[in-house]
Every structure is written in C-alpha cells, then in structure tokens.
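>>> below are the sequence and a predicted model for it; my questions follow.
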Amino acid sequence: MSFCFNFDLSAQTTTSDAVDGNKEPNGEKESDTNCTEDINVSAGPVKEAKEHLPPPDPQFLPIDVVFETVAIGALPPLHFLNETIFERTASERKDEEKILSHSTEQRSDLISGMYEGGLKVWECTYDLLELLEKDGETIRGKAVLDLGCGAGLLGILALKRGARQVHFQDYNSTVIEQLTLPNVMLNCQEDEDVDCEDDKKGKGKGKIQVKEDSEKKGQEGVNSGHPPPKKRALDISRHQLLKRCYFFSGDWRTFLPLVLKREPKPKFDIIFTSETIYNTAYYPALHETLHKLLAPDGLVYLATKSHYFGVGGGLHLFETFVEQRGVFSLCHLWDGEEGLQRHVVALRFKQPKIC
C-alpha cells in the first residue's frame with residue numbers, strides 16, 4: 001500500500017479552523033484555557049470505546065498465518081502479521097468498520113474519523129524499540145499502556161519483558177481484533193515453541209526472521225522470494241501471558257472514562273505511544289489521557305516525526321501544547337538527523353518547586 005494521508009476536513013470538524021488545533025483565525029495559538037471545553041468539537045465525531053476479550057475459540061489464530069519478525073539487538077523477537085495479507089484478504093475478514101476495504105480502495109494509510117493508520121507499523125515504532133534496546137529499560141513487574149497500539153509491538157515487548165499487565169488501545173476495533181490480538185497470540189505461541197525446544201534440547205531459538213537493516217524492517221519475507229514463516233493454531237487457554245493483557249478500541253475521549261471504570265483504577269508506570277501526534281485536534285484528548293492514567297512516578301515514551309505533512313501536527317506543536325498545559329516536563333531522548341527528522345521524547349509529571 002502506498003503511503004498517503006487522506007483527511008476529509010468536513011468529516012473531522014464542524015469549523016474551518018478546528019483542524020489546525022487551538023488556533024485563532026490569525027494563526028496565533030490561543031490560550032489553553034478553552035482546550036478542555038472545546039475537546040469534543042476540535043477532535044470531531046466521538047467513536048465509542050469498548051473492551052475486547054480474547055476469543056474462547058482456540059482456532060481464532062488461523063493455521064499457517066503469514067507473519068514477519070523484527071529482531072533488534074538483545075530484544076526478544078517480535079512477530080506481527082504481514083500488512084500485505086490484509087490488503088489481499090480484506091473481503092474475507094470480519095470488518096464492521098469497513099476500514100480494510102476503504103483503505104485499500106483509497107490507497108490511504110489514514111482516513112479521518114474512520115481509520116487512523118493502525119494496520120501499518122510506522123517508522124518511529126522501530127526508533128523506540130531501538131532506544132529501549134540501547135537503554136535497557138526495566139519493565140518487569142510494571143503496568144504498561146500501549147496507546148494507539150496498532151500492531152502492538154511495544155506492548156508485546158513489555159509483555160515479553162515481564163510486565164505485570166499490559167493494556168492495548170487503538171482507535172479501530174478491526175485493528176484490535178484482526179491485528180493486535182492475533183499478534184499477541186503469535187508471540188505467546190513463540191514462547192511456547194521456545195519452551196518446547198528448551199525441554200527437548202536444553203535451549204530453543206524458534207524459527208524467526210531477523211531484520212538487521214533498519215531500512216528493510218517489515219519487508220523481509222514479503223519480497224525476498226522465500227516462503228514466509230507460518231504458525232499453527234494457538235490454544236489460548238494454556239497461556240498465562242494473555243491473562244495479563246487488556247484490549248480496547250475507540251478514541252481517547254471515550255477510552256479514558258471506560259478504562260477508569262475498572263477497579264482499582266489503573267495507573268501506568270510506562271505509557272508507550274508512537275506516531276500519535278500527527279493531528280493537533282487530538283492533542284487535548286491525548287494530554288488528558290496521559291494526565292489521568294500515568295502513575296505519579298511514571299514515564300511516557302513518545303516516538304514521533306518533526307512534522308506530518310498534509311495533517312499539520314508534529315513535535316514542535318506538541319511541545320508547545322505540553323508547555324502551555326504545565327503538567328508534564330518533556331525531554332528529548334533521541335533525535336534523528338537524516339531525512340524527515342524523527343524523535344523519541346519522554347514526558348514526566350513536573351516536580352513541585354521547593355522553596
């Protein structure tokens with residue numbers, strides 16, 4: 001699928017200036033005092049959130065499913081379903097939202113109010129994975145949220161690294177049901193394969209594709225001419241890892257109150273979010289979600305591009321928004337120098353000043 005943005009401004013907003021976020025007609029940024037009040041206007045139609053439970057049918061993950069694998073340094077291999085398969089099998093898949101057919105027909109990775117790009121593994125996700133591998137982030141025993149998860153690679157890494165619980169959230173229910181959930185199950189299956197090999201031989205690596213070249217990530221196995229790897233069906237009743245996972249769809253305005261209904265109310269030690277600040281209209285809902293769900297000593301990892309052409313968002317605008325709100329401090333963890341600049345930043349709650 002060729003990349004393009006296809007924003008229908010009339011579908012997204014009811015006012016001509018809303019797509020630019022909180023801007024006055026003269027282009028100046030207005031005070032953030034009205035951001036919360038305007039959240040439901042600026043971000044367009046509300047998509048109701050819902051929780052998705054892993055299906056009881058052990059055949060939910062098809063036999064011989066085609067997948068790819070990303071392996072970075074010392075990180076455990078992460079498996080995900082091949083994006084091309086979704087294009088070729090769109091008519092055969094359950095998709096009440098019709099995002100598979102629409103995204104294929106319009107050759108677009110983003111259709112405002114309908115599809116927010118969750119079927120694609122975006123470049124900045126790999127940047128964040130590489131940073132986590134380099135820095136050796138300790139995840140064991142922590143509560144993790146993969147916000148705007150798409151394929152769920154960041155949350156799956158947390159799961160494999162011993163997170164106490166992992167919440168996955170994406171805008172589209174089709175993405176959660178057809179991609180995120182199967183990906184989690186694929187990786188649970190890999191753990192089972194390794195355990196079986198360990199029992200037999202004392203060690204086990206599994207059969208994986210390793211992508212060392214960052215420019216080829218997500219491509220090997222599709223264009224190489226070699227048969228793609230396959231997995232057998234997974235009996236999910238045997239996997240304890242899935243019991244640590246929770247899956248949600250819907251936009252952040254409805255996801256937040258839904259997840260806060262859980263008892264005890266969740267607070268996340270780590271929130272991963274990648275390529276989610278492309279649209280300034282979503283900043284109030286994103287900021288509120290981070291504010292309400294991050295633990296007091298928690299950390300948000302945000303991977304992003306400097307600017308998203310055709311949409312208007314980007315890191316500088318988001319930094320300005322965060323600074324105006326005065327809730328978080330933001331620091332740069334990694335800044336790419338080549339091409340369209342990419343970044344990984346961290347957000348923490350501001351510490352009260354000591355007189």
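Ah, there it is. Numbers count the residues shown, from 1 in each chain.

>>> so Ile176 is in contact with Phe168, correct?
Yes. Counting by CB atoms under 8 Å, Ile176 touches Phe168, with 6.9 Å between them. The way it works is simple: take the backbone N, C-alpha and C, and place the C-beta from them, glycine included.

>>> higher neighbour count, those two?
Taking neighbours as other CB atoms under 10 Å, Ile176 and Phe168 compare with Phe168 leading, 29 against 25.

>>> residues that sit against both of Ile176 and Phe168, list them.
Common contacts of Ile176 and Phe168, defined by CB atoms under 8 Å, 6 or more residues apart in numbering, comprise 247-248.

>>> what about the chain, any weak spots by pLDDT?
1-43, 57-64, 87, 89-92, 102, 104-108, 190-238, 353-355 (pLDDT under 70).

>>> ranges for the strands of it?
Applying DSSP state E to the chain gives strands spanning 50-52, 65-70, 78-81, 143-147, 165-170, 230-231, 245-249, 268-274, 294-305, 328-335, 342-349.

>>> what is the first one packed up against?
Counting by 3 or more CB pairs under 8 Å, 6 or more residues apart in numbering; DSSP states H and E, the packing neighbours recorded for strand 50-52 are strand 245-249.

>>> again, but for the second one
Under the contact criterion of 3+ CB pairs under 8 Å, 6+ apart, strand 65-70 touches strand 78-81, helix 181-201, strand 230-231.

>>> try 6 Å this time
In terms of contacts (3 or more CB pairs under 6 Å, 6 or more residues apart in numbering; DSSP states H and E), strand 65-70 is packed against strand 78-81.

>>> now do the longest one
Using 3+ CB pairs under 6 Å, 6+ apart as the contact test, the elements touching strand 294-305 are helix 123-135, strand 268-274, strand 342-349.

>>> how does it look with 8 Å?
helix 123-135, strand 268-274, helix 315-325, strand 342-349.

>>> tell me the strands beside it, with direction?
Here strand 294-305 has these sheet partners by DSSP bridges: strand 268-274 (parallel), strand 342-349 (antiparallel).

>>> quick one: the shortest one to strand 165-170, angle?
In this structure, strand 268-274 runs at an angle of 30 degrees to strand 165-170, with axes from the mean of the first three to the mean of the last three CA atoms, to 10 degrees as the basis.

>>> how close does Gly150 get to Leu299?
Between Gly150 and Leu299 the distance is 21 Å, computed by CB to CB, to the nearest Å.

>>> of these two, who's got more company?
Gly150 (29 against 17).

>>> excluding covalently adjacent residues, which one is nearest to the more buried one?
Distances taken as CB to CB, 6 or more residues apart in numbering put Gly118 closest to Gly150, at 4.2 Å, once the chain neighbours are dropped.
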